[in-house]
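Student: generate a structure from the sequence data that follows.
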Amino acid sequence: MSADKHTAGRQAKSAAQAARRQEKADRQRAKDDCRAAKRAAKQEAGQQRAEKKQQRRAQRAYEQAAQESKRLRREHDRAFLQLTAAMNDRQQQRLRSYFGQVSQHILLPREWKQPLLRDFERGIAYHLRRGQTLERTLELLDPLNLGGFYSSPASMWWPLDNAAKVYPISMSHDQMEVFRLSVYLREEVVPEILQLALDFTIKRFPFFATTVKNGFFWHYIDTAKRRFAVEPERTIPCAPMNVSLTGAQSFRIVYYRNRVSAEFFHILTDGSGGMVFLKSLIAEYLRLLGHDIPCGCGVLDINERPDPAESADDFAKAAVKGRRGSGFAGKPARQMSGYLTRTKPCQVLHFELDAGQLHQHARERGVSVTVYTLGLMFVAGKAATEENDGMFQIQVPVNMRQYYPSSTIRNFSLYCSIGLPVGEITTVDEILPRIASQLQQQGSRESMLEMMNSAVQLVNSLKYVPRVLKTALGKYVYGFFSDRIFSNTLSNLGVIELPEEMRPYIEKMDFVLGMSLTNRAACSMVTVNNTAVLSIAKATVDPTFEEKIYALLKENGLPFSLSGSELYGN
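Tutor: Prediction:
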C-alpha cells in the first residue's frame, strides 16, 4: 500500500510538474504570439505610413508636373505665335494648310486632340530654331505618319495570354510586374521629337495602345484611342502603374538626359517584344531628326499594316492538348540576408563590360555568357547569405521563340530554375559545369513544353471561376510560387541587333527588372555595340551581393565600369 501511495505521489507530482510546464509553455506561446502580433501590426502600420507617404509624394509630383506643364504650354504658345508672326504670307498659308491636314487625321475629343496638335507645333518650332527650312521641317513631320489611328473608332480587344492572366489578379497598388528597357543616345534627348516619334509609332503596335479592363472571368485588353505621353523621368525605375484608371496605359516612355526608357506592365509583353517596340520608336525618333534609318533587325516599318500574328497568343498554339504538365510548385529557396526595404527597388546598379572580352572569358571555360554570369551570382549570393543550408535557386527566363516559329510581340517566355545547395557553392569555375548541365536540361524544349502545358492547364482549370474569386488565388500564386521558390533572377536578352545606320547614334542599352516581394536582388543583362550591361535591382541596402560581384570580376581579370543610382529609400 505504501509503495502504491509513493508511486501515486510521484505520478501526481509529475503530472503537476507537467501541468506547470505546459502552463508555462502556454504563457510563453501567448507572449510570443502577442509579440508577433505587435510586430506584424507595427510592420503593417509602418507599411501603411510608407504607402501614404509615397502616395502624398506621388500626388505632389503630379501637381508639380501639372503646374510645370501649364507653364511650359503657355511659354510654347507665345513662342510659336512669335515664330509664325515672323513668317511671310506664303509660309503662313503653307502652315495653315499643313495643320488642316494634321487636324483631319485626329478625330479625338478635345482633351486629346489639342495636345496632339501642340506636339506638331513644338516639333516645328524645334526644327525652325535649329535653322531648318519650313518645307524640310514639314516634310520630316509628315502628318501622313499618323495614319488612321487617331481618326478611327476603338474597336479591337484581346484576351490576355496564359502568361499574363495572373498579373492583374495578383497585383496590388504598390506591387506589380514592371520591367524597363533603356537606350542611351550619343546626344541629349529632344523631348519634342521623341513625343512625335511616339505619336507616329504607336499605331504600328495596336496591342500596346490599350488599357486593362475587367471582365467577369478574366481581365482583358481593350483599345484606347488617346495621346500616349512622353514624360521626363520623375519616379524610381519600374514604379507601379495605376492601370485601374479609365483609359490608363500599361506602358510608359520616360527620358533623362541622353537616356530613353520604356517601361512595360508585363501583361503587355516580355523583354523581346518590348525591345522591338523600343528599337522601332528610337529609329523613328532618329528619322524625325533627319537621319536615314532603314527598317530591319527588329525595327518595324511604322507605316506598315500591323500583322495579326504580332498580337497572337502563341502559348495557346504551342501547347500540346491532352499532355500533362510538370507543375509549378517548389520548395522555398534560401533568400539572401539583409533587411527588405519598403522602397523597391531601393537602388539600381550597372556593371558595364566589354562584350568581346566577356564572351572570350566564358568560352575559355567552355560555357555561355549566361552560365558564367549565373556562376558569379551563385557565389555572390552565398556570400550575401548568413545560413549555410537550403537551396539557392535562380530563375532564368527562357524565350520560347527559339523553339517555336513566332512573330508575336506579346508574352512568349517561360522560366526554368537553376539550383545549388548553399553548402556546395564553392568557386565560380568549380560550379560552372553543374550550372551548364542544369540550364541545358531545365531550359530544353521538352522541359519548357511541360511548363507551358502546366500554364495552360492552370488557366483552363480556373476558366469559369469568377474574376473576384480568382484574385485571392492569384495573390497566393504570385506571393508564394512565383517569389519564395527563387532566391534571385537572371534575365539575359543577349546581343541586340540594330541596322548599321542606327549604330552610330546608340551608346549602350540596359535592362532592369521590377522587384518581387521577398527577393533581395534581380539581375538582368543586355548587349549592344560590344557593351554588355549587367544590371542589379536591389531590395535591401546590404551591399554584400554587388560587392562580391565586383570582387569576382576583379579576380577574373575582367575590366568593367560601375554606375548606378543613389539609394531611393529604405
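Student: now do the buried residues in the host helix or strand of Gly494.
Tutor: Assigned by DSSP states H and E, Gly494 belongs to strand 488-495. Neighbour-count burial for strand 488-495, counted by 16 or more other CB atoms under 10 Å, picks out Asn488, Thr489, Leu490, Ser491, Asn492, Leu493, Gly494. All C-beta spots, glycine's among them, are computed from the backbone N, C-alpha and C.
Student: want to throw the residues you listed into CSV with distance to Arg365?
Tutor: Output for the buried residues of strand 488-495, formatted as CSV (distance: CB to CB, whole Å):
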residue, distance to Arg365
Asn488, 21
Thr489, 22
Leu490, 17
Ser491, 22
Asn492, 17
Leu493, 22
Gly494, 18
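Student: pick out the most distant pair among these.
Tutor: Spatially, the most separated pair among these is Asn488 and Gly494, at 19.1 Å (CB to CB).
Student: out of the buried residues of strand 488-495, the closest to Leu117 would be?
Tutor: For these, the nearest to Leu117 is Leu493 (37.1 Å; CB to CB).
Student: from Phe179, how far out is the closest one?
Tutor: Distance of Leu493 to Phe179, given as CB to CB, to the nearest Å: 10 Å.
Student: how close does Ser368 sit to Leu289?
Tutor: Distance from Ser368 to Leu289, by CB to CB: 37 Å.
Student: so where do the helices sit in the stretch 1-150 of the chain?
Tutor: 2-85, 89-104, 110-129, 134-140 (DSSP state H, counting those that start in this stretch).
Student: output the second one as PDB - backbone C-alpha positions only.
Tutor: The C-alpha atoms that make up helix 89-104 are tabulated as PDB, following Å, rounded to 0.1, in the frame of the first residue of the first chain:
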ATOM      1  CA  ASP A  89       2.200  85.200 -96.200                       C
ATOM      2  CA  ARG A  90       3.200  82.200 -98.300                       C
ATOM      3  CA  GLN A  91       4.700  80.400 -95.300                       C
ATOM      4  CA  GLN A  92       1.700  81.100 -93.100                       C
ATOM      5  CA  GLN A  93      -0.600  79.800 -95.800                       C
ATOM      6  CA  ARG A  94       1.500  76.700 -96.100                       C
ATOM      7  CA  LEU A  95       1.400  76.200 -92.300                       C
ATOM      8  CA  ARG A  96      -2.400  76.600 -92.200                       C
ATOM      9  CA  SER A  97      -2.800  74.000 -94.900                       C
ATOM     10  CA  TYR A  98      -0.400  71.700 -93.000                       C
ATOM     11  CA  PHE A  99      -2.300  71.900 -89.800                       C
ATOM     12  CA  GLY A 100      -5.600  71.400 -91.600                       C
ATOM     13  CA  GLN A 101      -4.200  68.100 -92.800                       C
ATOM     14  CA  VAL A 102      -3.000  67.200 -89.300                       C
ATOM     15  CA  SER A 103      -6.400  68.000 -87.900                       C
ATOM     16  CA  GLN A 104      -8.100  65.700 -90.400                       C
END
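Student: show me how this protein divides into domains.
Tutor: 58-317, 330-564 (automatic domain parsing).
Student: quick one: which of those is nearest Ala16?
Tutor: domain 330-564 (39.9 Å).
Student: what is the mean pLDDT for that closest one?
Tutor: Domain 330-564 shows a mean pLDDT of 90.
Student: check the offset of it from the chain's centre.
Tutor: Centroid displacement of domain 330-564 relative to its chain, using CA atoms, centre = their mean, to the nearest Å, is 13 Å.
Student: spatially, what comes nearest to the most centrally placed residue in the chain if we skip its sequence neighbours?
Tutor: Centroid-nearest residue in the chain, with CA atoms, centre = their mean: Phe179, separated by 0.8 Å. Once flanking residues are discounted, Phe179 sits nearest to Leu513: 5.3 Å by CB to CB, 6 or more residues apart in numbering.
Student: please report how far the one you found lies from Gly271.
Tutor: 9 Å.
Student: kindly report the same for Arg227.
Tutor: Counting by CB to CB - Arg227 and Gly271 are separated by 26 Å.
Student: what's the answer for Ser407, then?
Tutor: 16 Å.
Student: same thing with Tyr568?
Tutor: Here Tyr568 is placed at a distance of 23 Å from Gly271 (CB to CB).
Student: what do you get for Glu364?
Tutor: Separation of Glu364 from Gly271 (CB to CB): 28 Å.
Student: who's more crowded, the two?
Tutor: The residue with more neighbours, out of Glu364 and Gly271, is Gly271; 22 against 9, by other CB atoms under 10 Å.
Student: wait, what's in contact with that one?
Tutor: Applying CB atoms under 8 Å, 6 or more residues apart in numbering, we find Gly271 in contact with Phe179, Leu181, Pro397, Ser413, Ser491, Leu493, Phe511.
Student: and the helices in the stretch 401-550 of the chain?
Tutor: 428-442, 445-461, 467-476, 544-555.
Student: I'd like those written out as JSON lines, with mean neighbour count and distance to Gln101 added.
Tutor: Shown next, in JSON lines, are the helices of the stretch 401-550 of the chain (neighbours: other CB atoms under 10 Å; distance: least, CB to CB, whole Å):
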{"stretch": "helix 428-442", "mean neighbour count": "17", "distance to Gln101": "55"}
{"stretch": "helix 445-461", "mean neighbour count": "17", "distance to Gln101": "46"}
{"stretch": "helix 467-476", "mean neighbour count": "14", "distance to Gln101": "44"}
{"stretch": "helix 544-555", "mean neighbour count": "17", "distance to Gln101": "53"}
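Student: who's in contact with Ile435?
Tutor: Val367, Val371, Leu374, Gly375, Phe378, Ile418, Leu420.
Student: give me the subset of those residues that lies in strands.
Tutor: Ile418, Leu420 (DSSP state E).
Student: closest to Leu278 out of the buried residues of strand 488-495?
Tutor: Nearest to Leu278 among the buried residues of strand 488-495: Leu493, at 11.0 Å, using CB to CB.
Student: you'd agree the closest one is up against Val533?
Tutor: No: using CB atoms under 8 Å as the test, Leu493 is too far from Val533 to be in contact (10.2 Å).
Student: give me the common contacts of those two.
Tutor: Shared contacts of Leu493 and Val533, counting by CB under 8 Å, 6+ apart, come down to Phe511, Met525, Val526, Thr527.
Student: what's the burial count for the first one?
Tutor: Phe511: 24 surrounding residues under other CB under 10 Å.
Student: where along the stretch 251-400 of the chain do the helices fall?
Tutor: According to DSSP H, counting those that start in this stretch, the helices that the stretch 251-400 of the chain contains are 271-288, 314-318, 355-364, 369-383.
Student: columns distance to Leu128 on top of the ones you listed, output as CSV?
Tutor: Shown next, in CSV, are those (distance: least, CB to CB, whole Å):
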stretch, distance to Leu128
helix 271-288, 14
helix 314-318, 46
helix 355-364, 41
helix 369-383, 47
